[in-house]
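In: predicted model, plus sequence, below.
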Amino acid sequence: MNFKIKTNDSNICIKTIRETKDLLEEIKVLDPKVALVDKSISENYPFIFDEFKNLDIDIFAITDPETEKNLETLEKGYYFLQKNNVQRTDFILAIGGGATTDFAGFLASTFKRGIKLCLMPTTLLGQVDACIGGKTAINFGNIKNLVGSFYNPSEIIICTEFLNTLGEQEYLTGISEIIKHALITSDDEISFVLENIENIKMRDQIVLEEIISRSISIKHNVVNEDFTEKGRRKFLNFGHTFGHGIESSNLKKPMLHGHAVAIGMMMALKYSSELNFIEASNYEMVSNLIKRLGYDFSEVSLNSNAIYASMKSDKKNTEKDSISLILLKNVGEPFIYNENDGSKLLEFLERFIKDFE
C-alpha cells in the first residue's frame with residue numbers, strides 16, 4: 001500500500017511496510033539529519049537505535065511524549081536542531097505515537113519557518129489519525145494542543161509490525177478513530193468494520209493493512225478539501241466534543257484518548273437519536289461493536305458537570321453561548337449542530353452517565 005496524497009501545496013508520499021527490519025533501508029534512503037524518537041522504541045526495537053548510531057544520526061529522545069509536549073521541550077528541540085546545523089532542505093525523522101509526531105510536526109513547522117519532515121508513527125492511533133492531516137501542536141497551560149499549526153510532512157512511513165507490541169487497550173484506542181471515520185463516511189465502511197471484528201481483534205495483517213488504508217483515504221479526502229478546518233473537516237470531530245469533555249473529567253488519572261472518543265461517539269449517536277435525527281438502532285449498533293471489541297472502561301470516571309464545563313470552553317465552538325456538536329442524520333451524513341440549551345444537554349449527560357455506569 002504505497003500511494004501519494006496530494007495537498008493544495010505539496011505531495012505527501014505514504015509507504016506501508018510490514019516488518020520493522022525494512023525500516024532500516026527506508027532510513028538509509030531518507031538520510032535524515034537528526035531523529036526525534038520516543039525513548040520506549042529503544043526497548044522494543046533497539047536495532048533501530050543501533051542503525052541511527054551506525055549512520056551517525058543524532059537522536060533527540062523523548063521519555064514521556066504527552067507530558068513533554070510543551071514549551072520547555074520545544075525550546076530544547078530548537079537548541080538541538082541549531083546545534084546540529086539543521087537546514088531547511090534537511091530531513092528530520094520522528095518515530096513514535098501521536099504525541100511524538102504532534103510535537104515533531106510543530107517543531108519542524110516553526111524552525112526556520114519549516115524544515116522537511118518524515119513521520120514513522122508507531123501506534124494505530126498515530127497511523128490512522130495523528131500523522132494524517134497536518135495538525136501539529138504542543139500543550140500549554142494545562143490545555144491540550146492549545147498552541148499549534150497546520151504543517152504537512154513530506155513522507156509518512158507506516159509499519160504494521162509496530163502494532164504487535166501495543167497492549168490491547170492501546171491498540172483499541174486507535175480502532176476508535178477507524179470507527180469514527182467509517183461512521184461519517186458510509187454504510188459500506190462501517191459494514192467492513194462489523195464484518196471483520198474478529199480479524200481486527202486478532203490483528204490480522206491483511207485486514208489491518210486494508211482498514212488502515214481505508215481510514216487514511218477517508219481522512220485524506222476530507223482534509224484535502226478543507227485543510228484549515230473551515231468546513232467539512234470539522235466532521236472529523238465526531239465524538240470528540242463529548243470525548244474531550246470526558247478526558248477533562250479524568251485529569252487526575254488520564255485515560256486513553258480513543259476510549260474517550262468511543263464513549264463520545266456513543267453520546268453523539270444517543271443525542272442524535274433523542275433529537276430525532278437518526279434511528280436509535282445506530283446507537284445500539286455502535287454500542288454493541290465497542291462492547292464486542294473489548295474496551296475497558298472500568299477505570300473511567302464520568303462527571304456530567306466537568307464534561308459539560310469542558311464542552312462549553314471547547315475551542316471548536318463557533319457561536320456565543322452555544323456548544324458545537326457533530327451529530328449524524330444517518331451513517332455517512334454528519335452535520336454541525338449548535339446546541340443553545342445548556343440545561344437540556346447537561347440533563348442528557350446525567351441520564352447517559354447513569355445508564356452507562
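Out: Cool, got the structure. Numbering: from 1, shown residues only.
In: only C-alpha atoms for contact and neighbour calcs from this point on.
Out: Noted.
In: wait, doesn't Met265 sit right on Leu236?
Out: No - here Met265 does not reach Leu236: they are 11.4 Å apart, not a contact under CA atoms under 8 Å.
In: which neighbours do the two have in common?
Out: Among the neighbours of Met265, those also in contact with Leu236 (CA atoms under 8 Å, 6 or more residues apart in numbering) are Lys180.
In: compare those two and say which is more crowded by neighbours.
Out: Met265 (28 against 20; other CA atoms under 10 Å).
In: could you pull up the contacting residues of the more buried one?
Out: Contact analysis of Met265 by CA under 8 Å, 6+ apart lists 180, 238-240, 242-243.
In: how about Tyr283?
Out: Taking CA under 8 Å, 6+ apart as the criterion, Tyr283 is in contact with 266, 269-270, 273.
In: distance of the nearest residue to Thr101 once chain neighbours are set aside relative to Glu347?
Out: Counting by CA to CA, 6 or more residues apart in numbering, Thr101 lies nearest to Ala94, which is 6.1 Å off, once chain neighbours are set aside. For Ala94, the distance to Glu347 equals 44 Å [CA to CA, to the nearest Å].
In: ditto for Tyr283
Out: Plainly put, Tyr283 is 18 Å away from Glu347 if you go by CA to CA.
In: so the residue nearest to Thr101 bridges to which residues?
Out: Beta-bridge pairing for Ala94 (DSSP bridges): Leu36, Leu119.
In: list the contacts of it.
Out: When contacts are counted by CA under 8 Å, 6+ apart, Ala94 touches 35-37, 100-101, 104, 117-121.
In: pLDDT at it, what is it?
Out: At Ala94, the pLDDT value in this model is 97.
In: what's the domain layout of this protein?
Out: Split into domains by automatic domain parsing, the chain comes to 3-165, 168-356.
In: span of the last one from start to end?
Out: Spelled out, that is domain 168-356. Here domain 168-356 reaches across 22 Å from its first residue to its last, counting by CA to CA.
In: where does the protein have low pLDDT?
Out: 1-10 (pLDDT under 70).
In: show me where this protein has its strands.
Out: 3-6, 11-17, 34-38, 58-62, 91-96, 116-121, 135-140, 143-150, 155-159, 323-330, 333-339 (DSSP state E).
In: the fourth one pairs with which strands, parallel or anti?
Out: What it means is strand 58-62. Strand 58-62 pairs in its sheet with strand 34-38 (parallel), by DSSP bridges.
In: give me the distance from the partner strand to the chain's centre.
Out: Relative to its parent chain, strand 34-38 has a centroid offset of 19 Å by CA atoms, centre = their mean, to the nearest Å.
In: for Glu51, what are its contacts?
Out: Residues near Glu51 by CA under 8 Å, 6+ apart: Leu24.
In: related to what we said a few turns ago, farthest pair within the contacts of Met265?
Out: Lys180 and Phe242 (13.3 Å; CA to CA).
In: which one of the two is surrounded by more residues?
Out: The neighbour comparison of Lys180 against Phe242 (other CA under 10 Å) goes to Phe242, with 28 against 21.
In: OK, contacts around the residue found closest to that one once you drop the neighbours it is linked to in the chain?
Out: Leaving aside its chain neighbours, Phe242 sits nearest to Gly264 (4.7 Å; criterion: CA to CA, 6+ apart). Neighbouring residues of Gly264 by CA under 8 Å, 6+ apart: 239-243, 246.
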